[in-house]
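J.: A structural model of the following input is requested.
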Amino acid sequence: MAARAAGVDKVLASRAEAVRQDNEAEFLADVDPGNQSLLAKQRMLFANLRQFGFAKLSYEQLREQFDQSLVDRYGPSTYAVAVAMAYQIEGIDPVPVRTMLGYTFTRRPDGRWMLVSDTDLDSRLPRGSHQEAWDIGKVLVKREPRVLVVVEQNQTALATSLAAKAASAVKAVSRSWPGGWTGSGVVIALDDKVVRGADYSLPKNAEDALAMATFVYRTLPGEVSGTGERADSYVVINPRNRSKVDARTLAHEFTHVATAPYGTNAPRWLVEGSATYEEFLPMDGARDLALDKYREKVRTQYLPKAKSLPGDAVFFNDSSSSYPLSWLAVDYIFQRYGGTELVTLYQEMAALGTTQAERNRIMVEHLGLTEAGLFQALKKAAA
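T.: Predicted coordinates for the structure are as follows:
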């Protein structure tokens, strides 16, 4: 067992070093030479990885995944193992982050270990913590300051357009999010409908969603906690609605990126309301919105029909009203209490708002109002 682990560790270390040193031959040296399909896929993977510019890259064995059918297929020395890929993209990731892979190895006659498959374990890996942009097909990576855009290999014009929009959105969120934001924006716009945590094959996402922020993990699900410790987010664009994405769309998603480190327990109205609030603010290269008119529209069209702030469980059942009402609530907090109070409220809700009682306690502490009280305050302001 120890010799096997050491042998596979040697292969993994060699592959990471090969990417850092731009050595394709070393990267492919321990891939099954008789599997032309796997070789071609690994060659493509190497070319993709080289484009991202990793400041740090390593691979670590996590746990064996025994499967008798794999032993029957590859032979008695078969070793299937979950692997953590730890990386930090230069100028993008504030800390090293992790994604999960599944590799199958067999031992050669000379005692060295050989990669025979990188897909056998895919169905067992945690949803959203694998299938990265570099795994799916040939890509093109374009960079701007604090921006990285990933598109299909021949989509140069799309990459240029998205990079300009992303740069504008990063600047806008950095300028207007209370306390500032110093992070970076990653935008993935591939033809594939399932990338990272985004699944645009689902009917609820396929038609309407423009983009979504998908979590990047400091520790993987199951390592420290069931859901993993989240460090950041990358934005994945719906290939069906790619032409509709503008700088304001990306500002919305980058607000989710900026707030991802806070935690996951904030109410949906605060999460989406904050992102929509940022989306609607003045932005370079985007037409200014008539916010006074929009505020009046929400107050007259949506607020009278509502009985409360949109709850987490039903938020997306009627997005056409949930988003405006959430924007109105955040707009009220911002105007009445200020941006600093909004951010501290968000941070505490995201960290501790696991129950309605906790959320109400935090709301009263910061605003002197429960969620129900905030809704009544919106009604009163509209009247």
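
J.: switch to C-alpha atoms for all contacts and neighbour counts from now on
T.: Will do.

J.: can you give me the helices in the stretch 1-150 of the chain?
T.: Ranges of helices in the stretch 1-150 of the chain, per DSSP state H, counting those that start in this stretch, are 2-21, 24-28, 36-52, 68-74.

J.: for Q153, what are its contacts?
T.: 138-140 (C-alpha atoms under 8 Å, 6 or more residues apart in numbering).

J.: so can I have CSV of the helices of the stretch 1-150 of the chain showing mean pLDDT, mean neighbour count and distance to S308?
T.: Compiled in CSV, the helices of the stretch 1-150 of the chain are given as follows (pLDDT from 0 to 100; neighbours: other C-alpha atoms under 10 Å; distance: least, C-alpha to C-alpha, whole Å):
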stretch, mean pLDDT, mean neighbour count, distance to S308
helix 2-21, 94, 17, 52
helix 24-28, 97, 18, 57
helix 36-52, 97, 17, 45
helix 68-74, 94, 12, 54
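
J.: Domain parsing of the chain, as residue ranges.
T.: Per automatic domain parsing, the structural domains of the chain span 2-125, 137-262, 263-383.

J.: Between the two ends of the shortest one, how far is it?
T.: End-to-end distance for domain 263-383, by C-alpha to C-alpha, to the nearest Å: 35 Å.

J.: Which one, of the domains of the chain, ends up nearest to Q131?
T.: domain 137-262 (5.3 Å; C-alpha to C-alpha).

J.: distance between the ends of the closest one?
T.: 33 Å.

J.: Quick one: mean pLDDT for that domain?
T.: Mean pLDDT, computed over domain 137-262, is 91.

J.: and if you look at stretch 85-93?
T.: Computed over stretch 85-93, the average pLDDT equals 95.

J.: Let me see the residues that make contact with it.
T.: With C-alpha under 8 Å, 6+ apart, stretch 85-93 has contacts from 52-60, 94-101, 146-148, 183-186, 232.

J.: Report the buried residues of that stretch.
T.: 85-89, 91-93 (16 or more other C-alpha atoms under 10 Å).

J.: Let's see which of the residues you listed end up in strands.
T.: When DSSP state E is applied, these are split such that 85-89 fall in strands.

J.: Looking at those, spot the one nearest P203.
T.: For those, the nearest to P203 is M85 (31.1 Å; C-alpha to C-alpha).

J.: Surely F375 is in contact with G311?
T.: No: checked against C-alpha atoms under 8 Å, the pair F375 and G311 is beyond contact range at 11.9 Å.

J.: okay, these two: which has more neighbours?
T.: F375 (21 against 12; other C-alpha atoms under 10 Å).

J.: residues in contact with the more buried one?
T.: Taking C-alpha under 8 Å, 6+ apart, one finds 308-309, 329 in contact with F375.

J.: Now do it against L328, distance only.
T.: For F375, the distance to L328 - C-alpha to C-alpha - is 10 Å.

J.: now L148
T.: 32 Å.

J.: same thing with A82?
T.: 46 Å.

J.: quick one, strands of this protein?
T.: Using DSSP E, strands in the chain cover 54-64, 79-89, 97-107, 113-117, 139-144, 147-152, 185-189, 194-195, 198-199, 211-219, 229-237.

J.: So what touches the third one?
T.: Right, the one you point to is strand 97-107. By C-alpha under 8 Å, 6+ apart, strand 97-107 touches 8, 74-75, 77-88, 113-122, 125-126, 129-130, 216-220, 231.

J.: Now do that strand against helix 2-21, angle only.
T.: Compare the direction of strand 97-107 with that of helix 2-21 by axes from the mean of the first three to the mean of the last three C-alpha atoms, to 10 degrees and you get 120 degrees.

J.: what pLDDT, on average, does strand 97-107 get?
T.: 94.

J.: Enumerate the positions of it that are buried.
T.: 97-107.

J.: Show me which of these is closest to V364.
T.: Nearest member of those to V364, counting by C-alpha to C-alpha, is V97, at 35.7 Å.

J.: need the contact list for the closest residue to that closest one other than its chain neighbours.
T.: Counting by C-alpha to C-alpha, 6 or more residues apart in numbering, R218 is the residue found nearest to V97 once chain neighbours are left out, at 4.5 Å. Under the criterion of C-alpha under 8 Å, 6+ apart, the neighbours of R218 are 95-98, 228-231.

J.: what do you get if the cut-off is 10 Å, keeping everything else the same?
T.: By C-alpha atoms under 10 Å, 6 or more residues apart in numbering, the contact set of R218 is 86-87, 95-99, 224, 228-232.

J.: coming back round to it: going by neighbour count, which of the contacts of stretch 85-93 are buried?
T.: 52-54, 57-60, 96-101, 146-148, 183-186, 232.

J.: ok, the residue most central in space within the chain to T119 distance?
T.: The C-alpha lying nearest the average C-alpha coordinate of the chain belongs to T214 (C-alpha atoms, centre = their mean; 2.1 Å). As for T214, its distance to T119 is 22 Å (criterion: C-alpha to C-alpha).
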